[in-house]
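**Student:** Predicted model follows, preceded by the sequence.
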Amino acid sequence: MMKIFIPVVLLILLVSWTYLNIGKQDGNWIALWNGKDLTGWHTFLGTPYQSKEDDTGNKIIPFGVDHDPLQVIKVVDTDQGKAIRISGVAWGMIYTEKIFQNYHLKLKVKWGEDMHIPRENGPRDSGLLYHGNGEPGSELAYPWMNSQELQIQQGDMGDYWPVGDTEIDIPSVRFKDNYFIYKENADLRTYYLATILKKAVHDSLAKRRVFKALDAEKKYGKWNEIELITMGDSSIHIVNGKVVMRLYNSRKMSDKQPLKSGRIMIQSEGAEVFYKDFYLKNITEIPVEFKK
């Protein structure tokens with residue numbers, strides 16, 4: 001009886017250990033994407049058209065949640081394994097089911113070739129959105145969610161944009177016209193979606209976009225490693241191991257409430273792009289190598 005019982009116990013323990021460690025790496029890194037399908041994620045897509053109305057004046061209904069008839073977002077094989085391909089034909093996003101707070105996220109991204117209206121002349125564009133809150137496709141953030149953005153744009157990886165009802169403080173200085181660039185230890189300046197407040201159009205970019213401190217992006221055709229660290233209401237944008245921006249006091253613009261958690265999203269924004277190797281680690285402090 002004992003000879004049978006011991007192997008059975010060992011088998012149960014082995015199965016339990018395997019189950020608990022699916023998707024994990026050394027150092028408590030957890031696979032945010034399983035590398036096979038879109039389990040744990042949802043999609044929200046607008047339409048592949050520029051206009052919101054057809055030729056007869058009827059409203060064009062967005063594809064919406066988990067309805068992707070054009071396979072804008074799908075898992076494909078690449079020369080370096082499985083990846084999520086985003087065609088960019090329809091603007092929208094893929095977003096996590098779960099909400100995350102205080103984490104170190106890393107992923108890999110590479111540009112494809114296809115480009116689509118209205119961004120067919122470049123630069124290729126996508127984005128890593130974080131602290132996503134509210135409904136997908138809400139009016140202020142359509143076709144995304146209210147969130148903070150780590151820009152994934154060709155030549156501009158690591159820049160900042162606010163999306164919808166959000167704002168944040170970034171040490172930055174003016175470097176040309178109405179543009180600002182990140183500079184560590186400079187005075188904090190608040191960035192938000194100025195058009196929501198009905199500011200003058202010429203002022204909107206100055207209030208919204210912040211350029212990264214340095215260009216760490218690899219040339220076209222190469223995989224880039226993007227990292228994001230969030231701790232409380234602060235965050236750090238990292239491109240290929242280089243800190244390109246530190247951000248502080250993330251909050252909602254409407255009521256100034258701190259914005260410290262939310263869903264993680266990847267944008268579909270007119271360009272073919274591939275993502276893979278999504279890993280996340282929960283943290284209680286900024287990793288030593290990324291502290292000031």
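**Tutor:** Everything's here; your move.

**Student:** correct me, but residue 119 touches residue 272?
**Tutor:** No - if you go by Cβ atoms under 8 Å, residue 119 and residue 272 don't touch, sitting 11.1 Å apart. C-beta: built from backbone N, CA, C; applies to glycine.

**Student:** Give me the residues contacting stretch 284-292.
**Tutor:** 102, 104, 184, 229, 231, 236, 238, 243, 246 (Cβ atoms under 8 Å, 6 or more residues apart in numbering).

**Student:** and that stretch, average pLDDT?
**Tutor:** In this model, stretch 284-292 has a mean pLDDT of 94.

**Student:** Okay, helices next: where are they in the stretch 1-150 of the chain?
**Tutor:** For the stretch 1-150 of the chain, the helices defined by DSSP state H, counting those that start in this stretch cover 2-20.

**Student:** Tell me where it is predicted with low confidence.
**Tutor:** Across the stretch 1-150 of the chain, the ranges flagged by pLDDT under 70 are 1-27, 49-55.

**Student:** let's go with 80 and repeat that
**Tutor:** Applying pLDDT under 80 to the stretch 1-150 of the chain flags residues 1-27, 48-60, 139.

**Student:** distance between stretch 253-262 and the chain's centre?
**Tutor:** 17 Å (Cα atoms, centre = their mean, to the nearest Å).

**Student:** That stretch spans what distance, first to last residue?
**Tutor:** 16 Å (Cα to Cα, to the nearest Å).

**Student:** can you list contacts of that stretch?
**Tutor:** 99-102, 130-133, 145, 147-148, 162, 165-167, 192-193, 196, 230, 232-233, 249-252.

**Student:** Please enumerate the shared neighbours of residue 119 and residue 272.
**Tutor:** Common neighbours of residue 119 and residue 272 (criterion: Cβ under 8 Å, 6+ apart): residue 88.

**Student:** ok, now which ones touch residue 272?
**Tutor:** 85-88, 111-115, 124.

**Student:** what ranges do the strands span in the stretch 51-200 of the chain?
**Tutor:** Taking DSSP state E, counting those that start in this stretch, the strands of the stretch 51-200 of the chain run over residues 64-65, 73-78, 81-86, 92-96, 100-101, 103-115, 125-133, 146-153, 160-163, 167-176, 179-182, 188-192.

**Student:** and the fourth one with strand 125-133, angle?
**Tutor:** What that stands for is strand 92-96. 50 degrees (axes from the mean of the first three to the mean of the last three Cα atoms, to 10 degrees).

**Student:** how far does strand 92-96 sit from the chain's center?
**Tutor:** Centroid separation for strand 92-96 versus its chain: 9 Å, with Cα atoms, centre = their mean.

**Student:** Show me what that strand is packed up against.
**Tutor:** Other helices and strands packing on strand 92-96, by 3 or more Cβ pairs under 8 Å, 6 or more residues apart in numbering; DSSP states H and E, are strand 41-45, strand 125-133, strand 261-268.

**Student:** mind listing what it pairs with, with the direction of each?
**Tutor:** strand 41-45 (antiparallel), strand 261-268 (antiparallel) (DSSP bridges).

**Student:** With respect to burial, which of those strands scores highest?
**Tutor:** Across the strands paired with strand 92-96, the average number of neighbours (mean count of other Cβ atoms under 10 Å) peaks for strand 261-268, which reaches a mean of 24.

**Student:** pLDDT (mean, whole number) over it?
**Tutor:** Rounded mean pLDDT across strand 261-268 is 98.

**Student:** about what we covered before: so which of the strands of the stretch 51-200 of the chain comes closest to residue 281?
**Tutor:** Residue 281 lies closest to strand 103-115 among the strands of the stretch 51-200 of the chain, at 4.7 Å (Cβ to Cβ).
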